[in-house]
Every structure is written in structure tokens, then in C-alpha cells.
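Asks: My questions concern the predicted model and sequence given below.
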Amino acid sequence: MTNYLNRIKNLTIILAVLVFTNIPVNAIGQDTLAGDYNMLVIKTGLHIIKETVTVKGKLDIQAGAKIEFTDPGVLICEGEVLVNGNASNKIEIYGKSKSEGIGLVIRGLDNNTNSKVDINNAVFSGLQLPLFFDFGWKRSDVKITDNYFINNIGKVTVIQVLNPPFNLNIDSSTINFKIDHNLFSGNNAAIYFEDLKSDHVNIKITNNTFYGNHIYGFKNYNISTNILYGRADDAYFRYAPVIEKNSFAYNYLVDNIADTIVHAANFGVYGTGKSIGLKNNYLGSVNKLQIVKGIYDQAINYNVPKVDFEPFLTKPNETNPSHIYSINNLDKTILPDTLNSKDPLKGFILMANNGIDYSKATLKFSYFKDDSSTKKMDTILKYDIQPNGLEAKFTITSNIIGAKGNGLYSLSNILDNKGNYVPDVKLGFIAYANDLRRRNLLAEVLKSIIIADSIKKPIILTDSIKNTFQKIETPFKSRFEVGLLTGGSIFLGTISKKGSILGNDMNMLLGVHINYLLYSNLSAGLSIESFKLSNSDAKSNNNEQLARGMSFSTSILSFSPSINYDFVDNRLYSKARKIKPSIGLGLDIVSFNPTGVYNGTVYNLQPLGTGGQYSDSTKKPYSTLAFGYFLNFKVKYQINKTNSVGFHMSYHVSMSNYLDDVGPDSYPSVSTLLKSKIANKDAAIYFSNPTAKNVVGQYRNSPDGASDSYLNFGFFYSRKLFK
């Protein structure tokens, strides 16, 4: 009995020593990790994290470990972090399907001069935020190398690096932060640095592959909707980032609302810096114009730094993780990423940066069974392959029977010659995704109709005008909707390029709009718009106009009442009918004042009587107040019951011929203008006939069909002020 008690006592002492001397706790094949650890070693085997797990000291994850995160599981690291897999025995860190957890958080100060973050040969997948360096973190060194960040579901960031808590004036410490030879593919979010230019963090991003990532955001392309972005200020920085020898290919912005691909999305930057280097990278194309489309810098927003990306690589380096960087037709022309595959492909050519093993690759064609539903068919296609170095020619030998509309070709189960993962290749994905979105919307509409039809209700004669324009029972003030307009204006009148709308000047438009609901499909509106119209005969493709040589500019203020027909019941709000088009007619009351420039001075043209109005007693000066009429078209997207956004376009015809000062008048003679009482006779002579050619008996503008017109278009935001 005594021996038994002594054993219990000894065991108790040993456990106490383990706890109070910070001897590491080894997790060997452990099912679940929970709570706080002073130090933690995770060895080979499956480990599950379902809640917040905090490691206050050293975290050591060894080769062969598998860590499954279940929402809201997160692993918080406050000390040194060693995640050391190897090429043949990688570490897997992943989220549980349909209940994905968060990932690793690097937090707090570790003043140990040898403390570091070393993450290599790990696979991060299916996580909400795989790797997060929280504000105020500090380690001596960070190396993220030879890892795979693939198919992570989070829409915030894949890697987020916030600033360490250094005193800018005192602390001279440096953190070397290296991201090298990693594959980022199939992710829904970006890699973000709070400061790319830093006084204390020396950033090097080299030899990585960013391939096939879909960055979720709103439809407008901006700084954060790129696979790599951050701030670059010229104040307080010793270290400019080194971003080179990377490969960016097939990364896109995807609209959160429509779930469709919008824009190429490789690199974005903001801040007070003048420029930032992005040289010696492969940026998805050898065409400079195509490269620029995937970079957000001064070319789009003059307030942000310029990205110096030249010289750029015409193909990725062999040092990058393996991937297919170019897809061509059989005739070696570029196969566009907007491929609309209604006609079956005969084959394609793939170019890789390394040797690829296609022996287990599967080529699948996915298409819709009919014209409207989301029922999908997958067909495995047979093919012949002709490898030629880093190039592989695929000839499709299967016949695709019964396919209708857009289809998607996908090549999967690809490996490199070392047996490593290679991202899938998708052909026709953009057109396929857009078509799928259209079908999903249609399915929602049909579902709502079926539900509505299943409810007993009185029979309504749908062909009756009374039933089309049903009375609205809502209070008076609840029928009002107020909106803000912006966009552009293009003059299409006398001084314009005929047959080419975009060949004319485009100026900015601002305005407000008030809408009042009359009936279920009928509304009245009033728009107050301020914009500018301008143009020059030099833009024309007509020889007579080119010879006339006139130009003008005028500021417009318009009051425009209208009546509008709404194609969708304006009382209806449902997820299935969020898109609401309308068409309308209206009248314009327009104030204008055409001007021109002569010898560096801007002149109001109406007081000069350039058409002889002040030198001919039979004529009267034209009024700078005019009436007109217009046709408008709008497409509204109803965000919720109160707020909506949309697109507007209207074509306006003025009852005045003088918006540009050029009416159906004969050219006045110089002698007549000299005899007139006009104050600025030299300016009047110039503007009446800028080319000074002999035009006796000719008209400045044809008397037939001389009315001026213009086009307004852009976007609007509207809100119902009262419920």
C-alpha cells in the first residue's frame, strides 16, 4: 500500500514539474486541441481545432501533421512559430468542409532576438483567413517559403500583414519578411500589406505564382480587389519592397452581387508615394495594354503611386511553382480568357514554366442540358497529347453530343515532374460563369412564380389597363424617391462627328432626380442636371465640317420633367426581381451659354452675333433658354426596400439650333460685322468664320434638320426617404 501511495505522489510531482517548468506539450495523434499552451509541438497525425487555441511560447508543427479547423477555430501564436514540413511529407492546415475555420494568427511582441516565423512546405486550404499578422506583432525574422495556399474560401485576405509597434524615431530594429516560392491559386481574397514601404519591415516577395484567384468585391475595380495590394508612403521608410520574378496569371475581380468576372486583378497600391517597383515579373501577358488592365495605379487614380512594371518578363521563370501560363489555339493564336465555347473546340496548346506530367490529367466538358435551367452535364473527353518540351498540344477526339449554349472545358489532376500540385486549367470560364448567373436568376424568378401560383387568389384579367396600372395604396410621402446622378454628356448636334458617338467630346454630368410613383407600373420624375457640352469640327469625318472649322463649349443647367413606364411592378421587392428596367419620355427646359476661345480669351458667343443677328435688322438674337424633349432608359438594381443603384441613359433633342452657336444662318460678311455695334468686332469676325474662306451665300448650318441633340448617360443612387 505504501509503495502504491509513493507512486501516486511521484506521478503528481512529475506532472507539476511539467506544468510549472514550461516543458513542451507534445500533441501526437491527438484528436482535439483546446485551451492555452505555454509551448506546443504538433507531430504527425490528425488534430482538430474547434475553438480559440493560444500558444504563449514556441509553436512547432512537424512534417506530416494535419490540422483541421472548424468554425470558429483559430490558432493564436504569441511566440516563435515553426511550421516545418518537407517536400515529400507536407503539413496540411485546412478548414472543415461547410464549417470552415479561420487559420493562424501571429500576435504580440516576442523580444527574443532569435524568435522567428518560419513556415515552409505546408498546404493551406479551405480557410477563412489562413495567415494573419495582427497589429502590434513582432518577430526577428519571417520566412514563408515553398507553401501552397489553394482554394481558401475567405473573402478578406489570404495573408494579412499589419504593422509592428515600432517607435518611428527611436527603434531601429529590422524584420526581414520573405515570401518566396509559394503557390497562391483558387483563393477568394488577396495578400495585403499595411505598409509595403516600411521603416522597419524589409519585404521581399519573389518567385511566387499567383494563378487563377478570384478576388471578391463590388463591380468597380479598386485598390483592394487585386491579388496583391498595400500602401506605399514616401514618409518614414528605409525599405522599398522587392517584388520580382513572380508570375501573375488569370487572376480576376469577381462581383459580389452578380457573381460574375469583371476585371483582371493582379496588383494594387495606394498612399503618398510617387512610385513603387514591380519590375521583372510575368504579368499575365506580353501585351503592355493587357498588363495595365490588371494594375491599379496612377493610370486609373492620380492620387496613388505609379507602378513601374517595366521591364516585365515575357514568360514565368522556371523557379516559380509550376503552372500553365499560356493557352493557345491549335494555330498558336492566343485563346482568349473570354472564350465563348458554343462551337466545340478541336484542341488547344498549353505552355508551362516547368515540365508537366499530364499522364493522369482529366479533360472534362461541362454544359447545360437545356436553354434555361441550371441542370448540368459533365462529359469526360478523350484527347491525344503531343508534348514538345514545355509545350503540350491537345487534340480532342471525342464528339460532344447534345451540348447547348456556353460550356466549360477544365483540365484537372495535373502534376509537375516532381509530383507536385499544378492548378487546374479552365477554358471558357468567364462566359460559362456569366451564363450560370443568368440561369440562377431565371430559376429564382420561376420559383417565385410557382409559389405565387400555389396560393389561392382571385382571377385577374391581365390584359386590362386597370390591372396593368394598379392603384397604389401607400401614403403620399412614401411614394417619393430621391436620387443622385453622375456620368457623362456627349454633344451630337451641328458640331459633331456623325456616325460615331464616342468620337465626340465627353464631359461630366451631375444631377439630382425626384421620382413619384403614380401607379404600379407608372411614375413621374423630375431631373435637375448640370453638365457641359463641347465639340470641334476638327473631330468630324465630314469634309464640309472640317473646312468650317468651328468649335464651342457651353455649360448647361436643365430642368426635365418626365413620365416613365416601369417594366416591373414598382411596389415589388424580392430577391428574384431586383433588376428593374424602365423607359420614359420627358420635356427639357435648358439654360445654356455657348463660348469659344480667341487669342487666349474666352468669349460668350451669343452677344457677338456670329450668325449676323446684330448686324442684320431682319434677325433677332437667339435666346439662351430653350425647350426640348427626350427619351430615357434606366436599369435599377434594388439593393433593399429603401436603396437602389442603376444605370441611366437619355437622348435629348433641343428645339433650339444654337446650343453650339451654329444655327441655320448665312455667313455674315466682314464689312457688315464691322459696321455693327458689337463691342468685340475682331472676335465676332473670327467666330463667324474661323477659316476666313470665301463663303458668300453659304449657310453656317443647313436649314433642314438643324436641331441640336445630345446624349446623357451614367449611374445613379436613389433612396426612398419615407417608409
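Replies: Perfect, thanks for sending it.

Asks: From here on, just use CA atoms for contacts and neighbour counts.
Replies: Noted.

Asks: How about Pro165: what's its closest non-neighbour residue?
Replies: In space, Pro165 comes closest to Gly136 once its chain neighbours are excluded; the distance is 4.6 Å by CA to CA, 6 or more residues apart in numbering.

Asks: Where does pLDDT dip in the stretch 251-400 of the chain?
Replies: For the stretch 251-400 of the chain, the stretches flagged by pLDDT under 70 are 256-259, 337-343, 371-373.

Asks: That one: strands as residue ranges?
Replies: The residue ranges that make up the strands of the stretch 251-400 of the chain, judged by DSSP state E, counting those that start in this stretch, are 252-255, 261-264, 267-270, 275-277, 295-296, 306-308, 324-328, 347-352, 356-357, 362-368, 376-381, 383-388, 391-396.

Asks: closest one to Leu721 among these?
Replies: For those, distance to Leu721 was read as CA to CA. The smallest value, 27.8 Å, belongs to strand 252-255.

Asks: What is the closest one packed up against?
Replies: Using 3 or more CA pairs under 8 Å, 6 or more residues apart in numbering; DSSP states H and E as the contact criterion, the elements in contact with strand 252-255 are strand 214-217, strand 261-264.

Asks: sorry, back to before: could you list which residues are in contact with the residue nearest to Pro165?
Replies: With contacts taken as CA atoms under 8 Å, 6 or more residues apart in numbering, Gly136 has the following neighbours: Arg107, Gly108, Leu109, Leu162, Asn163, Pro164, Pro165.

Asks: How far away from the center of its chain is stretch 539-548?
Replies: Its chain's C-alpha centre and that of stretch 539-548 lie 40 Å apart, by CA atoms, centre = their mean, to the nearest Å.

Asks: ok so Lys580 is a helix residue?
Replies: No. Assigned with DSSP: H, G, I helix; E, B strand; the rest coil, Lys580 falls outside any helix and is strand.

Asks: That one and Lys636 touch, don't they?
Replies: Yes. Counting by CA atoms under 8 Å, Lys636 is a contact partner of Lys580 at 5.0 Å.

Asks: one step back: most tightly surrounded among the helices and strands packed on strand 252-255?
Replies: Per residue and on average, the most neighbours among the helices and strands packed on strand 252-255 fall to strand 214-217, with a mean of 26 (mean count of other CA atoms under 10 Å).

Asks: Walk me through which strands that strand pairs with, and which way each runs.
Replies: The strands beside strand 214-217 in its sheet (DSSP bridges) come out as strand 252-255 (parallel).

Asks: Identify the bridge partners of the residue lying closest to Leu345 once chain neighbours are set aside.
Replies: Excluding the flanking residues, the one nearest Leu345 by CA to CA, 6+ apart is Ile396, at 7.4 Å. Beta bridges link Ile396 to Tyr383, judged by DSSP bridges.

Asks: what residue is smack in the middle of the protein?
Replies: For the chain, the residue lying nearest the average C-alpha position, counting by CA atoms, centre = their mean, turns out to be Tyr221 (3.3 Å).

Asks: got the contact list for that one?
Replies: For Tyr221, counting by CA under 8 Å, 6+ apart, the contacting residues are Leu253, Val262, His263.

Asks: my read is it is in a helix, agree?
Replies: No. Looking at Tyr221 with three-state DSSP, it is coil, so not inside a helix.

Asks: And it, how far from Ile261?
Replies: Plainly put, Tyr221 is 11 Å away from Ile261 if you go by CA to CA, to the nearest Å.

Asks: Ser198 too?
Replies: In this structure, Ser198 and Ile261 are 33 Å apart, going by CA to CA.

Asks: likewise Thr618?
Replies: Between Thr618 and Ile261 the computed distance is 62 Å (CA to CA).

Asks: on that earlier part again, let me have the helices and strands packed on strand 252-255 in a markdown table, adding distance to Leu587 as columns.
Replies: A markdown table is the format used below for those (distance: least, CA to CA, whole Å):
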| stretch | distance to Leu587 |
| --- | --- |
| strand 214-217 | 39 |
| strand 261-264 | 36 |
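
Asks: Quick check: which of these is nearest to Ala65?
Replies: For these, proximity to Ala65 was assessed by CA to CA; strand 214-217 is nearest, at 28.6 Å.

Asks: I'd guessed Asn182 sits against Lys143; true?
Replies: No. Counting by CA under 8 Å, no contact exists between Asn182 and Lys143, whose distance comes to 11.0 Å.

Asks: Of the two, give the one with the bigger neighbour count.
Replies: Set side by side, Asn182 and Lys143 give different neighbour counts by other CA atoms under 10 Å, the larger being at Asn182 (25 against 17).

Asks: Next one, pLDDT for that one please.
Replies: At Asn182 the predicted local confidence, pLDDT, stands at 97.

Asks: quick revisit: and for Tyr221 and Ile261, which residues touch both?
Replies: Looking at what touches both Tyr221 and Ile261 (by CA under 8 Å, 6+ apart), the common residues are Leu253.

Asks: Given the strand or helix carrying Phe713, what are its sheet partners and their directions?
Replies: Using DSSP states H and E, Phe713 sits within strand 709-719. The pairing partners recorded for strand 709-719 under DSSP bridges are strand 480-491 (antiparallel), strand 643-654 (antiparallel).

Asks: Run the angle between the following helix or strand past the first one and strand 480-491 for me.
Replies: Using DSSP H and E, the helix or strand that follows strand 480-491 towards the C-terminus is strand 506-519. Using axes from the mean of the first three to the mean of the last three CA atoms, to 10 degrees, one finds that strand 506-519 and strand 480-491 are set 150 degrees apart in direction.

Asks: Buried residues in strand 506-519, which are they?
Replies: Within strand 506-519, the residues that count as buried by 16 or more other CA atoms under 10 Å are 506, 508-519.

Asks: next one: stretch 110-125
Replies: Along stretch 110-125, these residues count as buried under the neighbour rule (16+ other CA under 10 Å): Asp110, Ser115, Lys116, Val117, Asp118, Ile119, Asn120, Asn121, Ala122, Val123, Phe124, Ser125.

Asks: and those residues, which two are the farthest apart?
Replies: Maximum pairwise distance among these (CA to CA): 27.7 Å, between Asp110 and Ser125.
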